[in-house]
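**Student:** Structure of the sequence below:
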Amino acid sequence: MGEVSADAVTLDLLREARETVMSSPLGVINTPMIPWCQTTLPLSVDCSVHIKLENMQRTGSFKIRGVANQFSRRPRGGHFVTMSAGNYGKSFAYASKHYGSKGKVVMPETAPASRAVLIQSFGVEVERVPTSSMMSAVNRCVQDGNMTFLHSYDDLDLIAGHASLGMEVLEVVPEPDVVVVCCGGGGLLAGVAAAIKLSGCNKTRIYGVEPEGACTMYQSFVEKKPVWMDAKSIASGLAPPSAGKLPFELCQLYVERIVLVSDDEIKAAVSALYRAGLVVEPAGSAAFAALANNKIPDLEGKKVVCILSGGNVGKDELNNFPD
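**Tutor:** I've put the predicted structure just below:
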């Protein structure tokens, strides 16, 4: 991606991207938002929570939003390569098939094998490598294979597409006090935060949630620059090797704080959501885990939005979680 600064992200740009996303032939949907009180989920704080169900999105996660905007701005029939633990790769493969593009997904070896099989079913090649080698594999494909790199989180078009989720949130809860969003490379968090803040919700506190073993954005906030690390977590979708440069800049502007949850807290969140009838993958459960474990301060009496970002979890994976 060329050098793009946070200044490029304007409300007009995000509104235009939302029109593109919602009219996309990929079939992006405006996902439901439900009040927490209409579920059987426990809540230890007296506040009003709405849950945004991106686990019900086309291809099973929010990633299709950004992909829809990305592919609308790329030539049909291109030859693209990306890196993904699964959800972006699934949306990328779905779009590649629709647009008649060739594609390759570089996946971390830690990602579930079932996700690689699913991506391959769309006719896209998969290469599994250690997490620390993902960027090297992508660079090799670009240099030797004459492929174009589509970034799975550090891309202006992608972030603008993800911002459509933030705009949908405001249609149901116009002035939320707190919004809690999972964070891996930061594309979703940056897009949602930008949409909410640029729409005039200056008092809204936006929190990103990362796994303790994959805290690239948290560490980036500490070091005041995007960092790389050997990220490991049961939430593989939140464990890219680095925080994105543009997401980091946007999060610095619009995000209150990054909070951390443990893998055990994520496992318990997946189980609690499943018992309540919501199938949510580990990465998609991180924001809920932060709320359930009181990681977000000052919620009493507040209007809160929690994003459940994806539901791509197989039966084999669910067997690894407590009842």
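**Student:** From now on I want contacts and neighbour counts done on CA atoms only, so please keep to that.
**Tutor:** OK.
**Student:** Three-state assignment for residue 25, please.
**Tutor:** coil (DSSP: H, G, I helix; E, B strand; the rest coil).
**Student:** do the same with the one 3 residues further on
**Tutor:** Residue 28 falls in the coil class when you classify it by three-state DSSP.
**Student:** ok, it - contacts?
**Tutor:** By CA atoms under 8 Å, 6 or more residues apart in numbering, the contact set of residue 28 is 21-22, 57-58, 64-65, 68.
**Student:** So which of those are in helices?
**Tutor:** 21-22, 64-65, 68 (DSSP state H).
**Student:** Quick check: which ranges of this structure have low pLDDT?
**Tutor:** 1-2, 314-323 (pLDDT under 70).
**Student:** and the residue nearest the centre of it, what does it touch?
**Tutor:** Here the mean C-alpha position of the chain is nearest to the C-alpha of residue 188 (CA atoms, centre = their mean), at a distance of 4.5 Å. Going by CA under 8 Å, 6+ apart, residue 188 touches 153, 159, 162-163, 181-182.
**Student:** isn't residue 156 right up against residue 4?
**Tutor:** Yes - the pair residue 156 / residue 4 is scored as a contact, 7.4 Å apart, by CA atoms under 8 Å.
**Student:** Comparing these two, which shows the higher neighbour count?
**Tutor:** When residue 156 and residue 4 are compared for neighbours, residue 156 comes out ahead with 26 against 13, by other CA atoms under 10 Å.
**Student:** and the more buried one, what does it touch?
**Tutor:** 4, 9, 246 are the contacts of residue 156 under CA under 8 Å, 6+ apart.
**Student:** next one: residue 124
**Tutor:** 93, 96, 102-105.
**Student:** Need the phi and psi values for it.
**Tutor:** Dihedral pair for residue 124: phi -100, psi 140, per degrees, to the nearest 10.
**Student:** What is the burial count for the spatially closest residue to residue 115 that is not a sequence neighbour?
**Tutor:** Nearest residue to residue 115, sequence neighbours excluded (CA to CA, 6 or more residues apart in numbering): residue 86, at 5.6 Å. By other CA under 10 Å, the residues close to residue 86 number 24.
**Student:** and residue 34, what are its bridge partners?
**Tutor:** residue 51 (DSSP bridges).
**Student:** surely it meets residue 50?
**Tutor:** Yes - counting by CA under 8 Å, residue 34 touches residue 50, with 5.4 Å between them.
**Student:** Would you map the strands across this protein?
**Tutor:** 33-35, 48-53, 79-83, 102-108, 125-129, 148-149, 178-182, 205-211, 257-261, 303-308 (DSSP state E).
**Student:** and residue 117, which of these is closest to it?
**Tutor:** Evaluated over the strands of the chain, closeness to residue 117 peaks at strand 125-129, with 8.5 Å, by CA to CA.
**Student:** Give me the residues contacting the closest one.
**Tutor:** Here strand 125-129 has contacts from 103-109, 116, 119-120, 137, using CA under 8 Å, 6+ apart.
**Student:** Neighbour count and distance to residue 230 added to those residues, as JSON lines?
**Tutor:** Listed next are the contacts of strand 125-129 as JSON lines, based on neighbours: other CA atoms under 10 Å; distance: CA to CA, whole Å:
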{"residue": "103", "neighbour count": "27", "distance to residue 230": "26"}
{"residue": "104", "neighbour count": "25", "distance to residue 230": "23"}
{"residue": "105", "neighbour count": "29", "distance to residue 230": "19"}
{"residue": "106", "neighbour count": "27", "distance to residue 230": "16"}
{"residue": "107", "neighbour count": "26", "distance to residue 230": "14"}
{"residue": "108", "neighbour count": "25", "distance to residue 230": "11"}
{"residue": "109", "neighbour count": "16", "distance to residue 230": "13"}
{"residue": "116", "neighbour count": "25", "distance to residue 230": "21"}
{"residue": "119", "neighbour count": "23", "distance to residue 230": "24"}
{"residue": "120", "neighbour count": "18", "distance to residue 230": "26"}
{"residue": "137", "neighbour count": "20", "distance to residue 230": "16"}
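**Student:** ok, the residues you listed vs residue 210, which is closest?
**Tutor:** For those, the nearest to residue 210 is residue 108 (17.9 Å; CA to CA).
**Student:** Pull the contacting residues for the residue nearest to residue 115.
**Tutor:** 107, 111, 115-116, 119, 237.
**Student:** tell me the phi and psi of it?
**Tutor:** phi 160, psi -60.
**Student:** And it, how far from residue 110?
**Tutor:** Distance, residue 86 to residue 110, by CA to CA, to the nearest Å: 11 Å.
**Student:** Check residue 128 too.
**Tutor:** Applying CA to CA to residue 128 and residue 110 gives a distance of 9 Å.
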